[in-house]
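[1] sequence first, then the predicted structure:
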Amino acid sequence: MLFRLQNVRKEYIHQRGARVMALDNITLDIEQGEFLVVTGPSGSGKSTLLFTIGGLLRPSSGTIHFGTLGLHDADDARLSDFRRTHIGYVMQNFFLVPYLTAEENVMVACALSEPEVKLQREKSVALLDRVGLLDRRHHHPRELSAGQQQRVAIARALANDPSVILADEPTGNLDPSLANDILTQLRVLNDTDGLTIVMVTHSPTANTFGTSHIRLHDGAISLTPDAVRWTEDLPVREVG
Amino acid sequence: MNLWNLVWTEMWHRKARLVSGIMTITLGIAVIVGIRTVSSASEEAVAIKLDNLGANIMVLPLGASTDDYYAADIDAPTFPQEYVDRIVQSALPGVDNLSPKLSRRVQIDGKNIVLTGILPASEITAKPLWQASGLMGNTLDASCAPSNEANQSLGYADERLQRKVIDTLREDECYIGPLAAASLHVRPGGFVSIGDEQFKVTKVLPETGTVDDGRIFAHINSVQRISGLDGQLSAIEIMGCCNAISDGLLGKLRNILPDTRITTIGQIVSTQIETNRLMDNISFAFLIIILIVGGISIGNYTWANVNERKREIGILRMLGFSHKRIYAMILLKAIVFAGMGGIGGYAIGTAAGMMLGTSLAGLDISPVLILLPMSLLLASTISLAGAALPARLASRIEPYTIMQED
């Protein structure tokens, strides 16, 4: 078991005192090599779940374990180390550093584990080559199309040889053909590199790229991977 | 890509803000450096003028009266000439010149005259007024006062403020004060009999308005011989650098010569101290203002910069940058600002001080190198103090909040 979430709750308290239960008693196991697709309506807690799994957000209660590491009570240094070592992020808005070139954006992620600039550059070049952007490595994000920016983000996500890719609406800002290209690349990473992928998406077509599927509704799982191992022709079923 | 590359690339990306941020520190440092550059030159100019008033420290035997500084050596008990060697060997900073003397009252033609033995090379140096008489001598290097050339460059038209010494005064020659010369009716080239010895009057000294006008000055060896006080002195006059006096030169001399009485001309020292205090207070007031204003300005700049970079900081946090690393990144930028601002401020402040000090105050101003490391230190203090809180707040930015905003 790669991730084990037990009775995870996440409650946001807004400025006017309003409480919102973003995750409500989530219990979930994610296996090594799984490509888990998380769907659900807006505000159902998909991104919160992803951030919680990724060590970006601590749950209000419950436990999250990555192997033996308890993410729910780890301090900032351990969580930062966990993100740096094990997790690659691919986000809807790409989150590239605007003043760095494509190559430098990948190098920043490498820098945390590889102090040698020459080696960082070599790795960055190899990764950009892998996503088909070698000729654009000196371009800044504003000089790249949305699809190209997302491919840089994928290259950056792979910079530290992570075991997990967390993708939050990775095709949300892309047209269908580019979206398919990005999803295919994620699928290849899962199939050939054995990376565990957790992808949050609204896209019905994106569902087809996963190996399992959960659906969230009001912060709770309404369709579990244990209940349904997702296949292309199996319709999503609302439960509970 | 390391932290330094990241900081530098970000700064270069926002060049306009980089310039405005650095200027905040640069101008603050420039003000301080400009003031200190001018005030240092001013303090030095005051020190020169005070030093040129002549000897200002008197070493006397215990029991000597100090009611009249200029007559304290007359009839004083004596102490060994070896005391001069002790001072010389101590190499105390701020001791510009030593003038050992032995004074005794003698009867000449039934008149009571003060005979003072001197070592000429040093004695003349301690008596600027004598120098107007055209006595030839060598330039004296002083530790805190400039040479004759420097004096001249400062525009001292009065030759009496230029230091010269005479090399020789033969043991059968003497100088005579104008009152003593009138009383004894002698002129240059004439002779004076003192005890069993005859002295040729080589010069009648110009009037000084002090007890010196009634003295006869002869070589100290001759006076010791006539008085039967071989190897004895009644006083050592010291031309002490006024800055050194205010920094405790008298105490150091007392440590070397514990069985003597050491006194100074209070007005000279207090003038120097007051001048220095005034300059220090002005600089200190500006320093406080600049620390506060500069710190707030840098804090404001850094806070604005952090707000502008929230998304980017969130990205770095997402990638695995810890709180500490983000904190270090912001402070590293503050240090770069401090370095550039400190050097720039020193250059601008020095240039402004030299131009304005010369044109407005008529001072000859040189760059004060010690102000460069002080500028860097001050700039670092301002920059780090101003950036510390925004850097801490930046390090607390949680990446998910930025992602949710998007």
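    All right, it came through fine.
[2] mean confidence for stretch B:187-202?
    Here stretch B:187-202 scores 90 as its mean pLDDT.
[3] any idea how many residues pack against residue 200?
    I'll assume chain A. Residue A:200 has 27 neighbouring residues, counting by other Cβ atoms under 10 Å in any protein chain shown. Every residue, glycine included, has its C-beta placed from N, CA and C.
[4] not what I meant, chain B
    Neighbour count for residue B:200, taken as other Cβ under 10 Å: 13.
[5] and it, what element?
    strand B:197-204 (DSSP states H and E).
[6] ok, then the element right after that strand?
    strand B:215-219.
[7] can you show me the CA trace of the following helix or strand past that next one as CSV?
    Past strand B:215-219, further along toward the C-terminus, the next helix or strand under DSSP H and E is helix B:220-227. Extracted in CSV, the C-alpha atoms of helix B:220-227 (Å, rounded to 0.1, in the frame of the first residue of the first chain):
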residue,chain,number,x,y,z
ILE,B,220,69.9,72.0,28.0
ASN,B,221,73.3,70.6,28.5
SER,B,222,74.6,74.0,29.3
VAL,B,223,71.8,74.8,31.8
GLN,B,224,72.3,71.5,33.5
ARG,B,225,76.0,72.2,33.9
ILE,B,226,75.4,75.7,35.2
SER,B,227,72.8,74.6,37.6
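[8] list of residues touching helix B:220-227?
    Here helix B:220-227 makes contact (Cβ atoms under 8 Å, 6 or more residues apart in numbering or on different chains) with B:100-104, B:106, B:115-119, B:171-172, B:194-197, B:199, B:230-233.
[9] picking up where we left off before, what comes up buried for the strand holding residue B:200?
    By 16 or more other Cβ atoms under 10 Å in any protein chain shown, the buried positions in strand B:197-204 come out as B:199, B:201-204.
[10] which among these gets closest to chain A?
    residue B:203 (79.6 Å; Cβ to the nearest Cβ).
[11] hang on, the closest one packs against residue B:188?
    Yes. Between residue B:203 and residue B:188 a contact is recorded at 5.9 Å, counting by Cβ atoms under 8 Å.
[12] quick one on the thing from earlier: pull the distance from the strand holding residue B:200 to the chain's centre.
    40 Å (Cα atoms, centre = their mean, to the nearest Å).
[13] give me the residues contacting it.
    Applying Cβ under 8 Å, 6+ apart, the set of residues contacting strand B:197-204 is B:133, B:135, B:169, B:172-178, B:181, B:186-193, B:216, B:218, B:222, B:225-226.
[14] angle of it against helix B:220-227?
    140 degrees (axes from the mean of the first three to the mean of the last three Cα atoms, to 10 degrees).
[15] what bits of chain A have low per-residue confidence?
    A:223-240 (pLDDT under 70).
[16] all helices for it, in order.
    A:46-53, A:76-86, A:102-111, A:117-130, A:146-157, A:176-192 (DSSP state H).
[17] put the alpha carbons of the longest one into CSV.
    Included here for helix A:176-192 are C-alpha records, laid out as CSV according to Å, rounded to 0.1, in the frame of the first residue of the first chain:
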residue,chain,number,x,y,z
PRO,A,176,-9.1,18.4,-26.8
SER,A,177,-6.2,17.3,-29.0
LEU,A,178,-3.6,18.8,-26.6
ALA,A,179,-5.5,17.3,-23.6
ASN,A,180,-5.3,13.9,-25.2
ASP,A,181,-1.6,14.3,-25.7
ILE,A,182,-1.0,15.2,-22.1
LEU,A,183,-3.2,12.3,-20.8
THR,A,184,-1.3,9.9,-23.0
GLN,A,185,1.9,11.1,-21.6
LEU,A,186,0.6,10.5,-18.1
ARG,A,187,-0.6,7.1,-19.1
VAL,A,188,2.8,6.2,-20.5
LEU,A,189,4.4,7.3,-17.2
ASN,A,190,2.0,5.0,-15.4
ASP,A,191,2.4,2.1,-17.8
THR,A,192,6.1,2.1,-18.6
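[18] count of neighbours near the closest residue to chain B within chain A?
    Using Cβ to the nearest Cβ, the closest approach of chain A to chain B is made by residue A:84 at 2.7 Å. Neighbours of residue A:84 under the rule other Cβ under 10 Å: 21.
[19] pLDDT score for the closest residue to it other than its chain neighbours?
    Nearest residue to residue A:84, sequence neighbours excluded (Cβ to Cβ, 6 or more residues apart in numbering or on different chains): residue B:320, at 2.7 Å. On the pLDDT scale, residue B:320 is placed at 89.
[20] I'd guessed residue B:320 sits against residue A:86; true?
    No. Assessed by Cβ under 8 Å, residue B:320 is found out of contact with residue A:86, at 9.5 Å.
[21] so if I had to pick from the two, which one is more boxed in?
    Set residue B:320 next to residue A:86 and count neighbours by other Cβ under 10 Å: residue B:320 wins out with 23 against 20.
[22] which residue is nearest the middle of chain A?
    Residue closest to the average C-alpha location in chain A (Cα atoms, centre = their mean): residue A:166, at 1.3 Å.
[23] now for the nearest residue to that one once chain neighbours are set aside: which residues touch it?
    Leaving aside its sequence neighbours, residue A:166 sits nearest to residue A:54 (Cβ to Cβ, 6+ apart; 4.7 Å). Listed by Cβ under 8 Å, 6+ apart, the contact set of residue A:54 reads A:83, A:87, A:89, A:166, B:318.
[24] at 7 Å what do you get?
    Counting by Cβ atoms under 7 Å, 6 or more residues apart in numbering or on different chains, residue A:54 touches A:83, A:87, A:89, A:166.
[25] tell me, how many residues neighbour the closest residue to residue A:45 other than its chain neighbours?
    Closest residue in space to residue A:45, ignoring its immediate chain neighbours: residue A:219 at 4.0 Å, by Cβ to Cβ, 6+ apart. Neighbours of residue A:219 under the rule other Cβ under 10 Å: 23.
[26] got the domain boundaries for chain B?
    B:3-45+B:274-405, B:57-264 (automatic domain parsing).
[27] and those, which one is worst for confidence?
    domain B:57-264 - the lowest mean pLDDT of the domains of chain B, at a mean of 75.
[28] tell me how far it lies from the chain's centre.
    24 Å.
[29] and for stretch B:320-337?
    42 Å.
[30] these two touch, right, residue B:59 and residue B:263?
    No. Counting by Cβ atoms under 7 Å, residue B:263 is not a contact partner of residue B:59; they are 8.4 Å apart.
[31] who has more neighbours, the two?
    Set side by side, residue B:59 and residue B:263 show more neighbours around residue B:59, with 25 against 16, by other Cβ under 10 Å.
[32] which of the helices or strands spans residue B:114?
    strand B:111-118.
[33] let me fix that: residue B:372
    Assigned by DSSP H and E, residue B:372 falls in helix B:371-395.
[34] point out the other helices and strands that that helix packs with.
    helix B:15-51, helix B:266-308, helix B:323-361 (3 or more Cβ pairs under 7 Å, 6 or more residues apart in numbering or on different chains; DSSP states H and E).
[35] residues contacting that helix, please?
    B:25, B:28-29, B:32-33, B:36-37, B:291, B:294-299, B:302-303, B:306, B:313, B:323, B:326-327, B:330-331, B:334-335, B:337-339, B:341-342, B:345-346.
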